[in-house]
Structures are given as structure tokens and as C-alpha cells.
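Novice: here is my input; please provide its structure:
(one chain, ligands or ions: 3)
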Amino acid sequence: MPILVMKFGGTSVATLDRIRRAAKRVGREVAKGYDVIVIVSAMAGRTNELVGWVDEISPLYDAREYDAVVSSGENVTAGLMALTLQEMGIPARSWQGWQVPLKTDSAHGAARIEEIPTDNIMAKFEEGMKVAVVAGFQGVSPEGRITTLGRGGSDTTAVAFAAAFGAERCDIYTDVDGIYTTDPRIASKARKLERIAFEEMLELASLGAKVLQTRSVELAMRYKVKLRVLSSFEDNDENAGTLVCDEEDIVESKVVSGVAYSRDEAKMTLISVADRPGIAAAIFTPLAEAGVNVDMIVQNISEEGRTDMTFSCPVDQVKRAERALQAAREAGEINYHDLVADTEAAKVSVVGIGMRSHAGVAAQMFRALAAEGINIKVITTSEIKISVLIERKYMELAVQALHDAFELEKAA
Ligand code: ADP
Ligand code: ASP
Ligand code: MG
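Specialist: Ligands and ions are numbered 1, 2, ... in the order given. As a prediction, the model looks like this:
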């Protein structure tokens, strides 16, 4: 039997009624002759609630216990989905990550998948089971502890299963009907894309578009998984949603194909550090060791041997960054006059493979922001993206202005 992977995100399993609706979709694919692997997320809001409880009990929590708590939301939906399917007369069974076992490394909270043995689930398919329901987002470490794959990780579970089982397709059911030129919740003019290249989706995801977890796109690209994003609320035909595919399979080609944003950014500046060889290493090594995800970095011009060093990181890592830098200062590893944290920043980025062969995109982006009176704090670029850090209150405006400036509402 051909195998299909179907993943349902939090809003698609938010209530028992929605679980029933999702199960009906699964039933239709079973009727077409597929053996289906269903990957489920926790009910909407549940993971946030669990994370909140962990933070409240233990702000500097033990990551192994964080994973024990935070992975539990998916267990509930997996069992409920299997029961719903059984009630519909479809032979179904649920699996938690450790039962598969979905093997990961030991990086609790952001573990990477190492192996997915297929024998266990395949044996059940051969015995007549039609649907394997797997709890997304979770796995088991070499030490035998439960791990989680980072927020949004059920997407990655789905793609990894599709690769391991050689599935015909991996369908990601969510609360929007595809991948758009930007988040349709922020820009009403956002346009749904029929197709998007892996490279572009990879950039959009890593720059904040949470419609797919970055790692899931990486895996789909590496293992050539046919990956589709579509609505769990609307009727879908064979061509519904958005297909993530190779660059060669894209007909439409614009210089900029999407705008992404990341709302909760902070800008930190070390005032007056000694400008000497090794200073960047002395600053960023303790930050890395503390698990701070440094993103943009700027070093100012130096005056009398001293300079300012600015970097950005997620706003919820500011405390950790401050602690790490203060410790390094006390240990005499670095020396600075002051550390200033601006916790009201956001990052907005434009992405497009067309930028490789087009000059002037950055200038056009900066003009569009200037026309709205938006000040740019930090800029970074790569081959197919340009990102700016701005004041958070202008984030929506910036996304809309850039969407307009690059005429993303129009097809190429
Ligand atoms: P799920 O719970 O199904 O995993 P997520 O909330 O993780 O769903 O992802 C879907 C959301 O991603 C959408 O509701 C939308 O607000 C957001 N999003 C951000 N950027 C985009 C984009 N370019 N296209 C579509 N959705 C986007
Ligand atoms: N429930 C997890 C989260 O909210 C994983 C997922 O939904 O993909 O991050
Ligand atoms: Mg998600």
C-alpha cells in the first residue's frame, strides 16, 4: 500500500469536534487505498500553557524535565485521534515518540532526529492496521529520556516520517490554506503561492514565518519529500494548498517572493569595549555557551582603541545574555562600560532567489521603509535575503509597506 503522511497542527485538533473533522479527512485517504501515518500536535494553546507552568515553577529549569512536561500535550491528541478513528471503524493505533522509537540526540528542548525505525509500525500495517497516529514534536534520547524538537517541531516529525517510510506525500494541515507571500494575518493583501522553492521557504521559516518549522524544510529538501501545506478547515482537491518544491519546478519567479517577520527581538549593545584581536570571540563565546541565539552583529568604528558592539537575540534570552556577559566581565575576560538592552525590537526580512541576479533590492527596501518614517537599527544580508531590525511598534506597517513596494499581491 502507498503511504501518506498527514500532519494536523494545534488549531486543527483544538476541540473534539475538530479532531473528528480531521479524522474524517484521514478516513477519505484510507478509502483511496493509502496506509496513513497521522502526526498530531497538542491542542491549540496547550503547549504554551505547559511551557508557562514550567517557567513558573522553575525559571532556570532542568531541560530534561521541561521536555517531560511540554511533550505531554501531543500524547493526549494522539490517543484521542486513534480513538476517534476506531469509532469510525478504521483500524488505528497511537504511538508516543519513545514507542516508535523516534531516536534523537540529547539536545533537550531542540533535539535533532537521528533515526526512525520503521519495522514496528510497518508490522502493524501488514497486520491490517490502516492508520498509525504518532505524537509529534517528541522523541527519545540515547539516555532514554524524552526529548522535544523545538517549537513547531511536529512539522519536522511529519517530514522525517515521510522520509523514513518513503511516503508518497507529506500533507501539513493547518489554519491557513497554504503558504502566502507573507503572513495573511498581518497583511490582508498577502497572496497564496501555488509553489515555493525549498530555499525560499527555508529562509522564510528561519526568519520567522512559523507556517513550517525550519528543520522540516531542511529535511524535505534533503530527502526529496513532496511537501504540501493546506487547510484543515476547507475542502481540498488534489491541487489545493502550496507545494514546496525544487527551484527548477517553479514557473513564477519574482525578485522578492516573500516577507517574513520575527516579533520578539532584542538589541543589545556593549558600550566601549576594547577594540583588540580576540574581542569578538571573548564576547560571543560566553553567549554561545549560555545558549543565547545571537543573530545580527555590528561592530562600530573604533575611537581611541574602544568601540561599541551590538547584537540581536530573542527577547526572552536577554536575561541569560546579561548574566553571561556580566560573568565574563567579572572574570576579567571582557571589559565594557555599559550594557544596554533594547527589548522593543522586531526583525523584518525580504526573501527571494531572484535577488541572486538582481541589484538594487536593498535600496528599494530601505526607500520603502523610509517613506513610512521607519528607522532601521541593524541590517544584515545574504544571497537571497535582506533583514532589518526596527522598532517593534512599526513591524506590521513595515511588512505591509514592503509587500506593497515589491508588488507581491500580483503574480509574476
Ligand atoms: P499549526 O498549529 O497548524 O502548526 P502554526 O500556527 O504553527 O500552525 O502556523 C500557521 C500560521 O503561520 C498561520 O496561522 C499564519 O499566521 C502563520 N504564517 C506566518 N507566515 C506565513 C506565510 N508566509 N504563509 C502562511 N502562514 C504564515
Ligand atoms: N505543540 C508544539 C508547539 O506548539 C509542537 C507543534 O505544534 O508543532 O510548539
Ligand atoms: Mg506549527
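
Novice: for ligand 3, what is the nearest residue in the chain?
Specialist: Gly152 (4.2 Å; Cβ to the ion). All C-beta atoms are positioned from the backbone trio N, CA, C, and that covers glycine.

Novice: so what's Ile113 up against?
Specialist: Contacts here follow Cβ atoms under 8 Å, 6 or more residues apart in numbering; on that basis Ile113 touches 102-104, 139, 149, 156-157, 160, 219.

Novice: can you tell me which residues contact the nearest residue to Ala110 once chain neighbours are set aside?
Specialist: In space, and not counting its chain neighbours, Ala110 is closest to Gly150: 4.3 Å by Cβ to Cβ, 6 or more residues apart in numbering. Residues in contact with Gly150 (Cβ under 8 Å, 6+ apart) are 109-111, 156, 213, 215.

Novice: hang on, Gly150 in a strand?
Specialist: No: using DSSP: H, G, I helix; E, B strand; the rest coil, the assignment for Gly150 is coil, not a strand.

Novice: do you know the pLDDT at it?
Specialist: We have a pLDDT of 97 for Gly150.

Novice: buried ones from the contacts of Gly150, can you make that a PyMOL selection?
Specialist: Of those, the buried ones go into a single PyMOL selection, burial set by 16 or more other Cβ atoms under 10 Å:
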select buried, resi 109+110+111+156+213+215
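
Novice: in TSV: the contacts of Gly150, plus distance to Arg191, secondary structure and pLDDT.
Specialist: TSV is the format used below for the contacts of Gly150 (distance: Cβ to Cβ, whole Å; DSSP: H, G, I helix; E, B strand; the rest coil; pLDDT from 0 to 100):
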residue	distance to Arg191	secondary structure	pLDDT
Gly109	35	coil	95
Ala110	32	coil	95
Ala111	35	coil	97
Thr156	27	helix	98
Gln213	23	coil	98
Arg215	26	helix	98
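
Novice: now, among the contacts of Gly150, which is nearest to ligand 1?
Specialist: Nearest to ligand 1 among the contacts of Gly150: Gln213, at 8.0 Å, using Cβ to the nearest ligand atom.

Novice: so who does the closest one touch?
Specialist: When contacts are counted by Cβ under 8 Å, 6+ apart, Gln213 touches 149-156, 205.

Novice: mind running it again at 10 Å?
Specialist: Applying Cβ atoms under 10 Å, 6 or more residues apart in numbering, one finds that Gln213 lies in contact with 137, 149-159, 172, 205-206, 219.

Novice: same deal with Gln317?
Specialist: With contact taken as Cβ under 10 Å, 6+ apart, Gln317 is in contact with 264, 266, 268, 287, 290-294, 324.

Novice: quick one: low-confidence ranges for the stretch 51-200 of the chain?
Specialist: Flagging of the stretch 51-200 of the chain using pLDDT under 70 yields an empty set of residue ranges.

Novice: any idea how far Arg20 is from the residue of the chain found nearest ligand 1?
Specialist: In the chain, the residue that lies nearest ligand 1 is Gly9 (1.8 Å; Cβ to the nearest ligand atom). Using Cβ to Cβ, to the nearest Å, Gly9 is found at 16 Å from Arg20.

Novice: returning to that earlier point: between the contacts of Gly150, which sits nearest ligand 2?
Specialist: Lowest distance from ligand 2 to those (Cβ to the nearest ligand atom) belongs to Gln213, with 6.7 Å.

Novice: tell me which helix or strand comes right after the top strand by length along the chain.
Specialist: Longest strand in the chain, counting residues (DSSP state E): strand 258-274. Following strand 258-274 in sequence order, the next helix or strand is helix 279-289 (DSSP states H and E).

Novice: what's that next one packed up against?
Specialist: Helix 279-289 sits against strand 258-274, strand 297-299, strand 306-314, helix 318-330, with contacts defined as 3 or more Cβ pairs under 10 Å, 6 or more residues apart in numbering; DSSP states H and E.

Novice: so which bits of that helix are buried?
Specialist: Quick answer for helix 279-289 (16+ other Cβ under 10 Å): 279, 283-284, 286-287.

Novice: repeat for stretch 56-69
Specialist: Neighbour counts over stretch 56-69 (16+ other Cβ under 10 Å) mark 61, 63, 66-69 as buried.

Novice: could you check the pLDDT of Glu252?
Specialist: Per-residue pLDDT puts Glu252 at 68.

Novice: ditto for the one 10 residues further on
Specialist: Per-residue confidence (pLDDT) for Ser262: 98.

Novice: alright, calling it a day.
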